[in-house]
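**Student:** The sequence and its predicted three-dimensional model are supplied below.
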Amino acid sequence: MKRKPRRGADPIEGQMELALNPGAFIPDRECFSFVSGLEEVAAEVAKLITTDSARAATLYETFLAGCYEKAEEFHDSSGYLGQFVGDLICQWIKARQASGADADETAIRLLAWMDNDPYALCYAVEKDAAKAFNEPGLAAFERRIRARFEAAAAAKARPGEPPIHDKEYLRRRGSEILRTIYLAQKNSAAYPSHANRTGITAQDCHALAAMLLARRKPEEALAWVERGIALDRENPHGRTSAGYDLTRLHRELLTRLGRGNEAIEAAWHEKAMDAAKGDDLRSHIELFIETKEMKRLAELVRGTTDQALEHLSHYATEPAAEKLEKAHPDLSARLWRAQGMRIVSAAKSEYYDAALSNFERARRCYVRAGLAAEWANTVCQIRVSHRRKAGFMSGFEALAARHGRASQPSFLERSKTRWGVRDGRDDS
């Protein structure tokens, strides 16, 4: 049962306490609804930033304290509470700035929260905080982080002593935060200087290229992109997400600089290089789609196992399924099926609707290809392997019974029925 607000407290503090519902455990399935209630109270505090910013800052601090206390009674695998706490911190920064509070003091207190974070509610909060700070506030935050980084970098273990793990962590963490700050400041001088000192990465090159592109310096941006691509190629674990982003940006910059032919050649080279490794199915698929080699694409999918297709991102399988749907419905069916299986096997409940859409398209393609038995086998496999996933199976059983989405009347058909529109046939 929810407690009544304390007498004499700030009225909004009373709302906070009611929303936090002390003593009641919040299971994972109720986290979204619970945090939505907290957000309603936070919206009331936000209104005070322009009228009574000092009061707003104090209320945010109270709310943050309450959230940390509530963390003991909260099972939040989805991270809703952490996201809410991050939003509160950003609003607290804005309220402090609006009240004219000392910027260094704000930075010190934020760092204290980040250091004493037993529930990881402040995880990566610097990314959003950097955007919430005004220029003096961000400069104060940068000074504090840089001082920590320099102190940690200078610290060395004495001969015979074990490594100073805490100092090494502070050095790495400080380095990450400094990168975030310099990016928020759009500091194209400090960022590369720091990155070169600590070891530049493909992600650094992408960040610098984007920064320079925003300043309308495409030639300089291109140089960083090409450096980043070269670094990513040296990665022993294969291409990173930064590598793919750099490749796209590379083609964009070449085109912008009037070097469209080079952009096409670069695309060919990148895809061919990945495909030549023999272990990058995604690059093969992207290469054949980009070059409109549908025959080769069909041969590739036909020779690939269902398990391998299920490990591919939908960014590769979806365009391939669409390209093959007309001429090779049997192969398209396998690709749509693989996308659905990937979602359900990973138990990504937020994407179950997408999985049902994928299976619906797979069923249609199987039927069109005269492979209804393959669809029946898929239905049996899903029933055996995923029968306990109630949130998915109810929709899938409706689809399997042909009483699901595929058989439901369209929006216009329902509209016609509701408004009594005749279908044009003669009833006499």
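**Tutor:** Looks like it came in fine. Just so it is clear, the model here is predicted, and its values are computed rather than measured. Residues are numbered from 1 along each chain as shown.
**Student:** give me every residue that touches Tyr315.
**Tutor:** Arg282 (CB atoms under 8 Å, 6 or more residues apart in numbering). For the C-beta atoms, the positions are set from N, CA and C on the backbone; glycine is no exception.
**Student:** Sticking with it, tell me its helix or strand.
**Tutor:** Per DSSP states H and E, Tyr315 falls inside helix 314-324.
**Student:** Buried residues in that helix, which are they?
**Tutor:** His314, Ala316, Thr317, Glu318, Pro319, Ala320, Ala321, Lys323, Leu324 (16 or more other CB atoms under 10 Å).
**Student:** ok, now stretch 91-103?
**Tutor:** Residues of stretch 91-103 classed as buried by neighbour count (16+ other CB under 10 Å): Gln91, Trp92, Ile93, Lys94, Ala95, Arg96, Gln97, Ala98, Ala101, Ala103.
**Student:** One more: stretch 68-88?
**Tutor:** Buried-residue list, stretch 68-88, by 16+ other CB under 10 Å: 68, 70-71, 74, 76, 80-82, 84-88.
**Student:** Please state the offset of it from the chain centre?
**Tutor:** Between the centre of stretch 68-88 and the centre of its chain there are 18 Å (CA atoms, centre = their mean, to the nearest Å).
**Student:** Can you give me the first-to-last residue distance of it?
**Tutor:** 12 Å (CA to CA, to the nearest Å).
**Student:** before we move on, what about stretch 116-124?
**Tutor:** Termini of stretch 116-124 sit 14 Å apart (CA to CA).
**Student:** Show me what that stretch is in contact with.
**Tutor:** Cys67, Tyr68, Ala71, Leu81, Gly82, Val85, Gly86, Ile89, Trp113, Met114.
**Student:** Could you export the buried residues of stretch 68-88 as CSV, including pLDDT and distance to Ala354?
**Tutor:** Listed next are the buried residues of stretch 68-88 as CSV, based on pLDDT from 0 to 100; distance: CB to CB, whole Å:
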residue, pLDDT, distance to Ala354
Tyr68, 90, 35
Lys70, 91, 33
Ala71, 89, 32
Phe74, 87, 28
Asp76, 72, 24
Tyr80, 89, 21
Leu81, 92, 26
Gly82, 90, 25
Phe84, 95, 26
Val85, 94, 29
Gly86, 95, 27
Asp87, 96, 27
Leu88, 96, 32
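**Student:** Of those residues, which belong to helices?
**Tutor:** Judged by DSSP state H, these include Tyr68, Lys70, Tyr80, Leu81, Gly82, Phe84, Val85, Gly86, Asp87, Leu88 as members of helices.
**Student:** Double-check the fifth one against Tyr68; I have them as touching.
**Tutor:** No - counting by CB atoms under 8 Å, Gly82 stays clear of Tyr68, with 11.1 Å between them.
**Student:** re earlier: mean confidence (pLDDT) on the helix holding Tyr315, please.
**Tutor:** Helix 314-324 carries an average pLDDT of 91.
**Student:** cool, and stretch 204-218?
**Tutor:** 91.
**Student:** And for the residue lying closest to Ile181 once chain neighbours are set aside, the neighbour number?
**Tutor:** Of all residues not flanking Ile181 in the chain, Glu142 sits nearest, at 4.7 Å (CB to CB, 6 or more residues apart in numbering). Neighbour count for Glu142, taken as other CB atoms under 10 Å: 22.
**Student:** still on that earlier bit, let me know the next secondary structure element after the helix holding Tyr315.
**Tutor:** Using DSSP H and E, the first helix or strand after helix 314-324 is helix 329-345.
**Student:** other SSEs contacting that following helix?
**Tutor:** helix 294-302, helix 306-310, helix 314-324, helix 352-368, helix 372-386 (3 or more CB pairs under 8 Å, 6 or more residues apart in numbering; DSSP states H and E).
**Student:** between these, which gets nearest to Gly243?
**Tutor:** With CB to CB, the closest approach to Gly243 among these belongs to helix 314-324: 14.3 Å.
**Student:** now the angle between helix 329-345 and that closest one, please.
**Tutor:** Per axes from the mean of the first three to the mean of the last three CA atoms, to 10 degrees, the angle that helix 314-324 makes with helix 329-345 is 160 degrees.
**Student:** Please compute how far helix 314-324 lies from its chain's middle.
**Tutor:** 21 Å.
**Student:** what angle separates it from helix 294-302?
**Tutor:** Going by the same axes, to 10 degrees, helix 314-324 makes 120 degrees with helix 294-302.
**Student:** those helices in the stretch 101-250 of the chain, which residues are they?
**Tutor:** 103-115, 126-132, 135-154, 165-185, 190-198, 202-214, 218-233, 241-256 (DSSP state H, counting those that start in this stretch).
**Student:** Export the fourth one to CSV, keeping only CA atoms.
**Tutor:** As requested, the backbone C-alpha atoms of helix 165-185 are provided in CSV (Å, rounded to 0.1, in the frame of the first residue of the first chain):
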residue,chain,number,x,y,z
HIS,A,165,44.7,-1.4,-11.2
ASP,A,166,42.6,1.4,-9.8
LYS,A,167,44.9,4.0,-11.4
GLU,A,168,44.8,2.1,-14.8
TYR,A,169,41.0,2.1,-14.7
LEU,A,170,40.9,5.8,-13.9
ARG,A,171,43.3,6.4,-16.8
ARG,A,172,41.1,4.5,-19.3
ARG,A,173,37.9,5.9,-17.9
GLY,A,174,39.2,9.4,-17.9
SER,A,175,40.4,9.0,-21.5
GLU,A,176,37.0,7.9,-22.6
ILE,A,177,35.3,10.8,-20.9
LEU,A,178,37.7,13.3,-22.3
ARG,A,179,36.9,12.0,-25.8
THR,A,180,33.2,12.6,-25.1
ILE,A,181,33.9,16.1,-23.8
TYR,A,182,36.1,17.1,-26.7
LEU,A,183,33.5,15.8,-29.1
ALA,A,184,30.7,17.8,-27.4
GLN,A,185,33.0,20.9,-27.5
